[in-house]
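J.: Okay, predicted coordinates and the sequence, questions at the end:
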Amino acid sequence: MPETGRRMFRPPFRNYQFDTAYDEMFEAPGEPRPHYRALFQTLLALPPEELRKSQQAADLSFLHQGITFTVYGKEEGTERVFPNDLLPRIIPNHEWRKIENGLTQRIAALNMFLEDVYHRGRILADGIVPRELVYSCRHFRREMRGLAVPRGIYVSVCGTDLVRLPDGSFAVLEDNLRVPSGVSYMLANRKVLKKVFPTLFRDYGVSPVDHYAQALLATLRALSPSNSTNRHEPTVVLLTPGVFNSAYFEHTFLAQQMGVELVEGRDLLVHDNVVYMRTTAGLRRVDVIYRRVDDDFLDPLCFRRDSRLGVPGLFNAYRAGNVMLANAIGTGIADDKAIYAYVPAIIRYYLGEDPILSNIETYLLTDRSQRDYVLAHLDELVVKAVGESGGYGMLIGPHSTAAEREEFRQRIVAEPRNYIAQPTLSLSRAPCFLEGEAQARHVDLRPYILYGNNVTLVPGGLTRVALRRGSLVVNSSQGGGSKDTWVLRA
Amino acid sequence: MLSRVADSLYWMSRYLERAVHTARLIDVDLQLRLDQSPEASSGRWLRLLEASQAPIPEDGKIDATALTDILTLDRTNPSSIISCVAAARENLRQVREQCSSEMWEQLNRLYLQVNSTTSGEAWLLHSYVFFRAVQEGAYLFQGVTDSTMSHGEGWQYIQLGRYVERTDALARLIGTHFTRLPHSLDQAVESEEYLEWVGLLKSCAAFEAYCKTYTAELRPLRVAEFLLLNSSFPHSVRFSVDMVHAALTAIGQLTERKAEQPVRLTGRLRATLSFSQIEEIMASGANSYVESVRWQCAQAHSSIHQIYFDYPVESALVS
């Protein structure tokens, strides 16, 4: 259409760039996808100055509310505002339904996998997943062998990273089954966008996400131990590593929204295998702990001895069934990046179904021929450490220097189990409001899945943005930002 | 309520009260300087440092710029305004799910403002704006707190912290002033001296309230009576102790814990302040009296700490 084609190049889209990546907004230059048309029209009609003002107001409100995260490796406790982008990412309902079904399937299968691995180990005996891969995983916890968790639910809170490939289909990039974060930004972004685009928001018919905290509380309560003295009103707490943790804002936010106590390790104590918190009115029993502390630091008597974040004796209380942890201990084996390669097989094995969402092709470096291929093509591939997250410990081949590649080559040869490689993906791009105009940036999508009485997905998620031009890394610690995600009701 | 949370709210409140007290002291000092020679002012500066428990230079010499810097923007001085505001904010940040979001935003904004201030010539010229901003920021925070937070247990700890700190700060200021500044108790002060006594009253936000009670004729005895024993003025020692006692009583009822010791301690102090005669107090010296007030206050503080914040687990398991 020539008319829109010309309008394409009006502000704020004057310099909007296209490449081979899937563009979330445009089917072709100047031609927005049907579900983006209304936003496109609104942006053309809006003076860029207005948007800029809204952006400033939003940034300031984030700063004043203290919606910040802490960057590690710099000066201790450097607080930064998590950049928020004003242009929403819109997902039509039929696409969302597929994501929802795919993720429900995936969390069910991964929970069955964890239950199996820590009990009979059928999948290992049948040779579907190599035994040594599981046992060599850093996050495998022998202590969990034979320990029954309520309903067999190991992972009750999950945030899965999805990317959209150039053909427009969604694929799973990573499962985060330990302590996924970011959900507070999903809620904070929504609050801001409702203020910036009230009419547009209403006309679009966007599915609400505000009930997330309530759904999380219901999920946590469903896990309450059967021998609790207050079974119907279980005491739920959120365990945080403390104010220096990068996600501290989120911990306070969720605790406040759920109306539960935010505790640190030093607030809890274990007596006769029962967990108590120290209150001004004396000790109070705790039934369910939504812990945002890694396995390693949970209990100095059982895991890392030098941990001051944990609670001595917590594991024994857990083993005795007197307190529940969400997520369970040892879930990290199922989001190990090498196990990831087997998830499609895991789904087929337990559920007898084909995976609804596809995986990204993954090279396992313990396999000789795959390793040789990877070492010969380091400049094209992405190499990731299997147990890391947050964009740390990663090599992006096409953007790397020869020295960096050499360093990774040596690390891979030394410890092949510790790394995997994947093709460099062209993540889809979405318009972001930067430097006073719309610019295309790579994005991913992290929906949050809850598993208590049943599987719940709040329709939406965190769309993370690689704010640096051309960058493919969306992690907040590596210069990423986020934007609101609108899942349409119809 | 978690013990750690109560502890943080208490200290948040103490630090903020300390910051605003210091801001008021310097604000008043800046005004007095304009009417005085530097020599006349330097005696007061030493008193200020002493009352603020800040390090005093060894040679006993101090100039206006150094004084302002030490008490305001010096991060190595734990009782400077910037350190106190940062500490208050850090304490609130650790319990921000317990306060209203309006409270957090107000304190965070004050912190960002104070934190972006840098020392220097330009700043000194307009520093009165800064001290006003700190005081107003803190008043605003108190208003926001009173009108957006439930007046439950958490709020009582905030009250407790504020008035424990205020009692201590007032006692120190009054003690130093009466000890270091020569005066005769029952005569109206005049000329140069007059400024210093106005300064003391203003440092306690009390000048106008004093004038309403006793007129603008300043007699040291009356000033002492007003600042120590007035029952209705919020910056008097007696009023502050009354508030500490009220908060403690409320907390004891809310937690249903036996808080006999701190309630008894503050109750006794309250009784002393209610029934004391100013002439008797001054006869044995203002300083020894306020030191005894401070000591009893410190006793109450550690007793609160032992009962609510850091009790032995064994005792809690038995009950």
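T.: Done, it's in.

J.: alpha carbons only for contacts and neighbour counts from here, please
T.: Noted.

J.: Not counting residues beside it along the chain, what's closest to whichever residue of the stretch 201-350 of chain A sits closest to chain B?
T.: Scanning the stretch 201-350 of chain A for the residue nearest chain B gives A:Thr279, at 3.9 Å (criterion: CA to the nearest CA). Among residues not flanking A:Thr279 along the chain, B:Leu2 sits closest, at 3.9 Å (CA to CA, 6 or more residues apart in numbering or on different chains).

J.: mind listing what the one you found touches?
T.: The contact partners of B:Leu2, by CA atoms under 8 Å, 6 or more residues apart in numbering or on different chains, come to A:Glu261, A:Val263, A:Asp267, A:Met277, A:Arg278, A:Thr279, A:Thr280.

J.: Would you mind giving those residues as CSV with secondary structure and pLDDT added?
T.: Below are the contacts of B:Leu2 laid out as CSV (DSSP: H, G, I helix; E, B strand; the rest coil; pLDDT from 0 to 100):
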residue, secondary structure, pLDDT
A:Glu261, strand, 93
A:Val263, strand, 95
A:Asp267, helix, 94
A:Met277, strand, 95
A:Arg278, strand, 93
A:Thr279, strand, 92
A:Thr280, coil, 91
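
J.: Show the buried residues in those.
T.: Listed as buried from the contacts of B:Leu2 are A:Glu261, A:Val263, A:Asp267, A:Met277, A:Arg278, A:Thr279, A:Thr280; burial here means 16 or more other CA atoms under 10 Å in any protein chain shown.

J.: any idea which of those residues is the one closest to A:Leu395?
T.: Nearest to A:Leu395 out of the buried ones among the contacts of B:Leu2 is A:Val263 (CA to CA; 36.7 Å).

J.: Does the closest one have any beta-bridge partners, and if so which?
T.: A:Leu239 (DSSP bridges).

J.: element containing A:Ala440?
T.: According to DSSP states H and E, A:Ala440 maps onto strand A:437-442.

J.: strands paired with that strand, and their directions?
T.: strand A:429-434 (antiparallel).

J.: what pLDDT, on average, does the partner strand get?
T.: Strand A:429-434 shows a mean pLDDT of 93.

J.: Please enumerate residues in contact with that strand?
T.: Here strand A:429-434 makes contact (CA under 8 Å, 6+ apart) with A:21-25, A:85-87, A:89, A:438-443.

J.: same thing but at 10 Å, please
T.: For strand A:429-434, the surrounding residues in contact (CA atoms under 10 Å, 6 or more residues apart in numbering or on different chains) are A:12-13, A:16-26, A:48, A:51-52, A:55, A:84-90, A:164, A:166, A:437-444, A:463, A:465-467, A:482-483.

J.: Which of the residues you listed fall in strands?
T.: Within the contacts of strand A:429-434, residues falling in strands by DSSP state E are A:26, A:84-90, A:164, A:437-442, A:463, A:465-466, A:482-483.

J.: Could you find the closest non-adjacent residue to the closest residue to chain A within the stretch 151-300 of chain B?
T.: Nearest residue of the stretch 151-300 of chain B to chain A, counting by CA to the nearest CA: B:Thr255, 4.7 Å away. On the basis of CA to CA, 6+ apart, the spatially nearest residue to B:Thr255 that is not a chain neighbour turns out to be A:Ala281, at 4.7 Å.

J.: Next: B:Val244.
T.: B:Leu160 (5.3 Å).

J.: about what we covered before: give me the phi and psi angles of the residue nearest to A:Thr279.
T.: Main-chain torsions, B:Leu2, degrees, to the nearest 10: phi -60, psi 140.

J.: quick one: stretch B:78-86 to chain centroid distance?
T.: Counting by CA atoms, centre = their mean, to the nearest Å, stretch B:78-86 is centred 13 Å from the centre of its parent chain.

J.: Just the buried residues of the strand holding A:Ala440, please?
T.: For strand A:437-442, a neighbour-count test (16+ other CA under 10 Å) marks A:Glu437, A:Ala438, A:Gln439, A:Ala440, A:Arg441, A:His442 as buried.

J.: Please identify the residues of chain A in proximity to chain B?
T.: Neighbours of chain B within chain A, by CA under 10 Å from any CA of the partner chain: A:61-66, A:242-244, A:248-249, A:251-257, A:259-264, A:266-269, A:271, A:277-284.

J.: The same query, at a cut-off of 6 Å, please.
T.: A:His64, A:Gln65, A:Val243, A:Thr252, A:Gln256, A:Arg278, A:Thr279, A:Thr280, A:Ala281, A:Gly282 (CA under 6 Å from any CA of the partner chain).

J.: Tell me which of the residues you listed fall in strands.
T.: A:Arg278, A:Thr279, A:Gly282.

J.: since we're on B:Ile56, how many residues are nearby?
T.: 17 (other CA atoms under 10 Å in any protein chain shown).

J.: so what pLDDT did it get?
T.: 76.

J.: what sits against it?
T.: For B:Ile56, the contact set (CA atoms under 6 Å, 6 or more residues apart in numbering or on different chains) is empty.

J.: in chain A, which helix has the most residues?
T.: Longest helix in chain A by number of residues (criterion: DSSP state H): helix A:93-117.

J.: how far does it sit from the chain's center?
T.: 14 Å.

J.: If you count neighbours, what's buried in it?
T.: Across helix A:93-117, burial judged by 16+ other CA under 10 Å covers A:93, A:96, A:99-100, A:102-117.

J.: Buried residues of stretch B:133-144, list them for me.
T.: B:Ala133, B:Val134, B:Gln135, B:Gly137, B:Ala138, B:Leu140, B:Phe141, B:Gln142, B:Val144.

J.: if I've got this straight, the last one is in a helix?
T.: What that stands for is B:Val144. Yes - counting by DSSP: H, G, I helix; E, B strand; the rest coil, B:Val144 falls inside a helix.

J.: Remind me which helix or strand B:Ala122 belongs to.
T.: Secondary structure (DSSP H and E) places B:Ala122 in helix B:121-125.

J.: Get me the contact residues on chain B for chain A.
T.: So chain B meets chain A at B:Met1, B:Leu2, B:Ser3, B:Gln94, B:Glu97, B:Glu105, B:Arg109, B:Thr255, B:Tyr308, B:Ala316 (CA under 6 Å from any CA).

J.: Report the buried members of those residues.
T.: The neighbour-count test (16+ other CA under 10 Å) marks B:Met1, B:Leu2, B:Ser3, B:Gln94, B:Glu97, B:Glu105, B:Arg109, B:Thr255, B:Tyr308 as buried among the residues of chain B next to chain A.

J.: neighbouring contacts of stretch A:280-295?
T.: With contacts defined as CA under 6 Å, 6+ apart, stretch A:280-295 is touched by A:179, A:224, A:234-241, A:275-277, A:323-326, A:329, B:1-3, B:255, B:308, B:316.

J.: Out of those, which sit inside strands?
T.: A:Val236, A:Val237, A:Leu238, A:Leu239, A:Val275, A:Tyr276, A:Met277, A:Met324, A:Leu325, A:Ala326.

J.: Distance check, the fifth one against B:Leu229.
T.: Separation of A:Val275 from B:Leu229 (CA to CA, to the nearest Å) stands at 48 Å.

J.: Could you find the closest non-adjacent residue to A:Met324?
T.: In space, and not counting its chain neighbours, A:Met324 is closest to A:Val288: 4.7 Å by CA to CA, 6+ apart.

J.: just A:His139 next, same as before
T.: Closest to A:His139 by CA to CA, 6+ apart is A:Gly332, at 4.9 Å.

J.: Correct me if wrong, but the one you found is in a helix.
T.: Yes - under three-state DSSP, A:Gly332 sits within a helix.

J.: what's around it, how many residues?
T.: Neighbours of A:Gly332 (other CA under 10 Å): 26.

J.: from what I can see it touches A:Arg141, true?
T.: No - using CA atoms under 6 Å, A:Gly332 is not in contact with A:Arg141; the gap is 9.0 Å.

J.: any shared contact partners between those two?
T.: With CA under 6 Å, 6+ apart, A:Gly332 and A:Arg141 have no common neighbours.
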